[in-house]
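Pasting the sequence and the predicted model now:
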There are 2 protein chains.
Amino acid sequence: MDAQPVPDTTPAPAARPAPTGPRAARKRQAIVRAARDLFLREGFGVGMDAIAAEAGVSKVTVYNHFGSKEALFTAVVAGGLDEPLSESGRGDRGGEGRSDAPDLARLVDADGPDALKAALADAGRAWGRALRADTEGRALRTLVATEVHRFPELGRAWRAHGPAGHHPAVTNALRALADRGLLDIPDLEVAVLQLYSLLVFPQMVFEQHGTELGEELGERLVVDGVEMFLRRYAATPGPAPAPSSAPGRAPAPSSTPGS
Amino acid sequence: MDAQPVPDTTPAPAARPAPTGPRAARKRQAIVRAARDLFLREGFGVGMDAIAAEAGVSKVTVYNHFGSKEALFTAVVAGGLDEPLSESGRGDRGGEGRSDAPDLARLVDADGPDALKAALADAGRAWGRALRADTEGRALRTLVATEVHRFPELGRAWRAHGPAGHHPAVTNALRALADRGLLDIPDLEVAVLQLYSLLVFPQMVFEQHGTELGEELGERLVVDGVEMFLRRYAATPGPAPAPSSAPGRAPAPSSTPGS
DNA sequence: TCAACTGTACTGTGCCGTACAGTTCAGTTA
DNA sequence: TAACTGAACTGTACGGCACAGTACAGTTGA
């Protein structure tokens, strides 16, 4: 739009300095909430009047808080990305269970092959549940995917919330399990991706295509995926399990798990 | 919103009967092509003037062929879905290689574990290449995902082109391999999905998030994914490999999305 | 020859962003 | 507690712009 050489030294020459105060905070939150709902439901083409009306706020107030529609959009998206389903109770249709993140502690604390298998399957089910409940997140992803070319500044926050979002936690969990001799993982990065591939990616792909991976098929995929993952990475009980500097705790697991 | 009793009995009272003739066909094709390019690059918000200009055609001609912008959009999407990268040579940036579909014949004809492993890896690489080259398809998917709520008629064709697009071919290939005793697959539907999960879904998920699964990491995933798949499903060489020539156990023909 | 196409100018509409006059709220001082 | 004050908010109306769709007279091509 404007290619004027705006001096960065004067960030807001004539721009209102953004309202402050307790009431302003309430209004601002209402605006962001309404804008998110409408953006996710109608797309970026929704009008500012509609947003202001939905927020119960005058359109001028919207422009006093966020200088432009694009600024509002980026604020909404950035905020939505960092607030997966945070405590702000969305009374209507938001996710009910707090099962957003699977219990990774149970994973690392697994003290045997059977517990590990159960913990992995539970993690897969939790991921599936979280994905299924995260309608907003899904809409947000597709919305950003289409509009990111017009808002390059979103690229960073967008990429940060890609599939590598909570990789570190899972990576650490798998590494801990490998150090304890329960798993034998030659390529940790690949193993993490494979775990995701088997347990969560199918649902993501199906959902992105407007289809629903059925409940029953999802369960079969989780169970069989865990089976597959463990058949590949479960440490063999015989030889020295942990080569790294891990506390050499003899695991003594059973033989290869049955079907 | 609108509850007006529009008489459906007169579907096209004054609508032009759509131009015919050899010239009209050329123009029509040019319009569709330009519209697809612009829709995929700019989104549905692109102007009709821009589309007409890109097609080298008057705007009136566009409206003579397609009565409205929405009709043009649906025509473009429907056509684009059914023409993945068909022979119509897209000179500019379209996919170059004809590697769209991996060589499934080589898969079924594999005469041993090593050949099977190589064929699977090659299939994975071909899928990755096809996905990487299919920029249009990716943009089309996200575009439809965002606009499908405004064009419900697209839902059917959309869902049909989900991840289960070429499931049947792969399913048949795996079944043939199982019948020949090279694989031991208890749940065929799950096995097909797992093969996809390991070989192609990672790239799809990363691409949908604007990230790029690097070439090198992709190769590691293919190699390791094939390893994992075969470790799970390779028939044990010792005992009787093939239980029977009949499809041993494909009990769940549940609502598989796609044909 | 006649249908299809072109170029331009036009109407109408929807929407972003702003101006302005009046009103509500939150904190401060007496 | 009560009056005061200024920032924040409201409602409406408007400028300007972009765009969907049309009218019309002239031109091209099978």
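Thanks, I have the structure now.

What about contact with DNA strand D: does stretch A:59-72 have any residue there?
Yes. Against DNA strand D, stretch A:59-72 shows contacts by Cβ under 7 Å from any atom of the strand at A:59, A:60, A:61, A:64, A:65. Any C-beta I mention is one placed from the backbone N, CA and C, and that applies to glycine too.

Show me the contact partners of the helix or strand where residue A:205 lies.
Secondary structure assignment for residue A:205, by DSSP states H and E: helix A:201-208. Applying Cβ atoms under 8 Å, 6 or more residues apart in numbering or on different chains, the contact partners of helix A:201-208 are A:128, A:131-132, A:138, A:141-142, A:163, A:212-213, A:218, A:221, B:141, B:145, B:162-163, B:193, B:196-197, B:201-202, B:204-205, B:208, B:257.

packing partners for the helix or strand just after it?
Sequence-wise, the next helix or strand downstream of helix A:201-208 (DSSP H and E) is helix A:215-233. When contacts are defined as 3 or more Cβ pairs under 8 Å, 6 or more residues apart in numbering or on different chains; DSSP states H and E, helix A:215-233 packs onto helix A:113-133, helix A:188-199, helix A:201-208, helix B:188-199, helix B:215-233.

hang on, residue A:144 packs against residue A:156?
No. Contact criterion Cβ atoms under 8 Å: residue A:144 and residue A:156 do not qualify, at 11.7 Å.

okay, the two: which has more neighbours?
residue A:144 (23 against 10; other Cβ atoms under 10 Å in any protein chain shown).

What residues does that one make contact with?
When contacts are counted by Cβ under 8 Å, 6+ apart, residue A:144 touches A:77, A:154, A:158.

mind redoing it with 6 Å?
Residues in contact with residue A:144 (Cβ atoms under 6 Å, 6 or more residues apart in numbering or on different chains) are A:77, A:158.

quick one: which helix or strand includes the closest residue to DNA strand D within the stretch 151-259 of chain A?
Going by Cβ to the nearest atom of the strand, DNA strand D is nearest to residue A:151 of the stretch 151-259 of chain A, at 16.9 Å. Counting by DSSP H and E, no helix or strand carries residue A:151.

Around DNA strand D, pick out the residues from chain A.
Counting by Cβ under 7 Å from any atom of the strand, chain A sits next to DNA strand D at A:19-21, A:23-24, A:27-28, A:56-61, A:64-65.

What is the nearest of those residues to residue B:230?
residue A:28 (55.9 Å; Cβ to Cβ).

is it true that the closest one touches residue A:65?
Yes. Counting by Cβ atoms under 6 Å, residue A:28 does reach residue A:65; the two are 5.2 Å apart.

for the helix or strand hosting residue A:137, what is the average pLDDT?
In this structure, residue A:137 sits in helix A:135-147 according to DSSP H and E. For helix A:135-147, the mean per-residue pLDDT is 84.

repeat for stretch A:117-127
Regarding stretch A:117-127, the rounded mean pLDDT is 95.

can you tell me if that stretch touches chain B.
No. Shown here: stretch A:117-127 not in contact with chain B (Cβ under 6 Å from any Cβ of the partner chain), separated by at least 11.8 Å.

got the buried residues for that stretch?
A:117, A:119, A:120, A:121, A:122, A:123, A:124, A:125, A:126, A:127 (16 or more other Cβ atoms under 10 Å in any protein chain shown).

Now render those as CSV, adding distance to residue B:174.
Listed next are those as CSV, based on distance: Cβ to Cβ, whole Å:
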residue, distance to residue B:174
A:117, 25
A:119, 30
A:120, 25
A:121, 24
A:122, 29
A:123, 27
A:124, 23
A:125, 26
A:126, 30
A:127, 26
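
From the residues you listed, pick the one nearest residue B:49.
residue A:127 (46.6 Å).

Next one: the closest one from residue A:103, what distance?
To residue A:103, residue A:127 is 11 Å away according to Cβ to Cβ, to the nearest Å.

What is the burial count for residue A:20?
Residue A:20: 9 surrounding residues under other Cβ under 10 Å.

Residue A:185 looks like it's in a strand, true?
No. Secondary structure of residue A:185 (DSSP: H, G, I helix; E, B strand; the rest coil): coil, not part of a strand.

ok, now how distant is it from residue B:171?
31 Å.

Tell me where chain A is predicted with low confidence.
A:1-16, A:82-102, A:161-166, A:237-259 (pLDDT under 70).

and the end-to-end length of stretch A:55-74?
Using Cα to Cα, to the nearest Å, one end of stretch A:55-74 lies 17 Å from the other.

At the contact with chain B, which residues of the stretch 151-259 of chain A appear?
Residues of the stretch 151-259 of chain A lying near chain B (Cβ under 6 Å from any Cβ): A:158-159, A:162-163, A:190, A:193, A:197-198, A:201-202, A:204-205, A:208-211, A:220, A:224, A:228, A:231-232.

Now with 7 Å, please.
Contact residues, the stretch 151-259 of chain A versus chain B (Cβ under 7 Å from any Cβ of the partner chain): A:155, A:158-159, A:162-163, A:187, A:190, A:193-194, A:197-198, A:201-202, A:204-206, A:208-211, A:214, A:216-217, A:220-221, A:224-225, A:228, A:231-232.

Can you select the buried ones from these in ChimeraX?
Selection of buried members from those for ChimeraX, criterion 16+ other Cβ under 10 Å:
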select /A:158,159,162,163,190,193,194,197,198,201,202,204,205,206,208,209,210,211,214,217,220,221,224,225,228,232
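
What distance do you get for residue A:69 to residue A:150?
Relative to residue A:150, and taking Cβ to Cβ, residue A:69 is found at 11 Å.

about what we covered before: and the residue of the stretch 151-259 of chain A closest to DNA strand D, how many residues sit next to it?
Residues contacting residue A:151 under the criterion other Cβ under 10 Å number 15.
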